[in-house]
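K.L.:
Compute the structure for the input listed below.
(one chain, ligands or ions: 2)
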Amino acid sequence: MRTIAIVNQKGGCGKTTTTVNLGGALAADGFRVLIVDLDPQAHASLALGIDPDELDENLYEVLAEPGGANHLEEVIVNAGDNLDLAPSSIVLSALEQKLASERQDSRTERLAAALAKLPPRYDYVLVDCPPNVGLLTFNALRAVREVIIPLETSYFAIDGVQKLLETIGLLADRIGIDLSVRILPTLYDGRTRFARQTLAEMRELFKDLCFDAVIRQNVKLRECAKRGVPINLYAPSANGALDYAAVAIEVEASPPDQTIALEDRQAEVDTAREVVVRFRDARAGDVRIAGDFNGWVPDKGVRSRVDREGETRVWTKILHLPPGTYQYRYIVDGEWREDPDNAQSLPVSGGGRNSILVVR
Ligand SMILES: Nc1ncnc2c1ncn2[C@@H]1O[C@H](COP(=O)(O)OP(=O)(O)OP(=O)(O)O)[C@@H](O)[C@H]1O
Ligand SMILES: [Mg+2]
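P.N.:
Ligands and ions are numbered 1, 2, ... in the order given. Prediction:
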């Protein structure tokens, strides 16, 4: 079960929109998704068509009451195919006060304890956080392994993000967990120079931490929230749907780095499969392969062979990969290209597309 919190203390940067629509895209890809609405504003619940006022129970019971962690299952409601919701309510805003007298540790571990008790029913848990770094956000950060920080490309103040990264880093140190953090550029309007510059700046700054996907401004994202469905069900061909589908592919392709114990590493070597890919071309002189499996270093750890089929030369690349999803490109005489024989690919912000390789 992958656990991802969507966090930023800045209001209106697209946290809820990201939670709901990434959730929708993952569910559409066949993964079982639970959305945890940890914001007393309950925007994620509403955007999934669920009015907290009409429910008897919500996350407050789970987080505030002694033994509440056992009751998460009872609070969860269905919000679509493969998509469940743990609904919020305005009463969550009273949690801080309610738990004021409790020990810091016990206060911030409530959501983690509740998730730990869930049966293994979900592939992804996405937690929508309120626009502040208070008790609720701390509960989210203690309960997850991964964090997505949406950043507006129309308004970008680096200090705020640095503060947030610092907080996350400190928390991760304290609890001895390695939180994997990624940045998602949102509300992008490519017609303005400011947005283009801001996006370039974010990429420069956060490098690999930045998603390749960018969420463009798209009025359909506002509309679908009002209708109470994720955009992939409301307007599947709208930019907003395409952008969140691209985020989902990136998320699916890159589980957080695991600290692998020695015996696990051996197991990884044991489960590695021999994967063979071929590139055919009549004119190319030098063909290498690079991907996330070799740190994007051309031909690193790869066995190569070149044969002839008439006029055509065939480069055979032999990789040893444990099961997983990988991205790669060929480097043909110095030019980085997607695999022409592989229909599965995803766009990359720097231009072009990466090919996708799934090892089962
Ligand atoms: N890419 C987008 N294009 C157009 N509108 C968007 C986009 N992303 C978000 N919005 C709209 O902007 C507003 C703020 O977005 P959202 O609610 O997702 O932000 P948030 O970070 O969750 O806010 P808060 O901090 O209040 O929880 C909403 O009305 C939403 O519909
Ligand atoms: Mg929100």
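K.L.:
helix or strand right after the helix or strand bottoming out on mean pLDDT in the chain?
P.N.:
When the helices and strands of the chain are scored by mean pLDDT, DSSP states H and E, helix 262-271 comes last with a mean of 58. Next helix or strand after helix 262-271 toward the C-terminus (DSSP states H and E): strand 273-281.
K.L.:
is it true that residue 198 touches residue 153?
P.N.:
Yes - in this structure, residue 198 is within contact of residue 153 by CB atoms under 8 Å, at 4.6 Å. Quick note: C-beta positions are derived from backbone N, CA and C, even for glycine.
K.L.:
Give me the below-cutoff pLDDT ranges for the stretch 151-300 of the chain.
P.N.:
157-159, 173, 257-270, 295, 297 (pLDDT under 70).
K.L.:
who in it is up against ligand 1?
P.N.:
Where proximity means CB under 6 Å from any ligand atom, the interface of the stretch 151-300 of the chain facing ligand 1 comprises 186, 187, 215, 217, 218, 219, 221, 222, 225, 240.
K.L.:
The stretch 101-250 of the chain: helices as residue ranges?
P.N.:
Using DSSP state H, counting those that start in this stretch, the helices found in the stretch 101-250 of the chain span residues 104-108, 110-116, 135-143, 158-175, 193-206, 219-227, 231-234, 239-253.
K.L.:
relative orientation of the fourth one and helix 135-143 in degrees?
P.N.:
Counting by axes from the mean of the first three to the mean of the last three CA atoms, to 10 degrees, helix 158-175 lies at 60 degrees to helix 135-143.
K.L.:
chain center to helix 158-175, what's the gap?
P.N.:
Its chain's C-alpha centre and that of helix 158-175 lie 18 Å apart, by CA atoms, centre = their mean, to the nearest Å.
K.L.:
Residue 64: how many residues sit nearby?
P.N.:
Residues lying near residue 64 (other CB atoms under 10 Å) number 15.
K.L.:
about what we covered before: generate a ChimeraX selection restricted to the buried subset of the residues of the stretch 151-300 of the chain next to ligand 1.
P.N.:
Only the buried members of those enter the following ChimeraX selection, criterion being 16 or more other CB atoms under 10 Å:
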select :186,187,215,217,218,221,225,240
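K.L.:
quick check, nearest of the residues of the stretch 151-300 of the chain next to ligand 1 to ligand 2?
P.N.:
residue 225 (10.0 Å; CB to the ion).
K.L.:
just to revisit the earlier point, which neighbours do residue 198 and residue 153 have in common?
P.N.:
Applying CB atoms under 8 Å, 6 or more residues apart in numbering, one finds that residue 198 and residue 153 are jointly contacted by residue 185.
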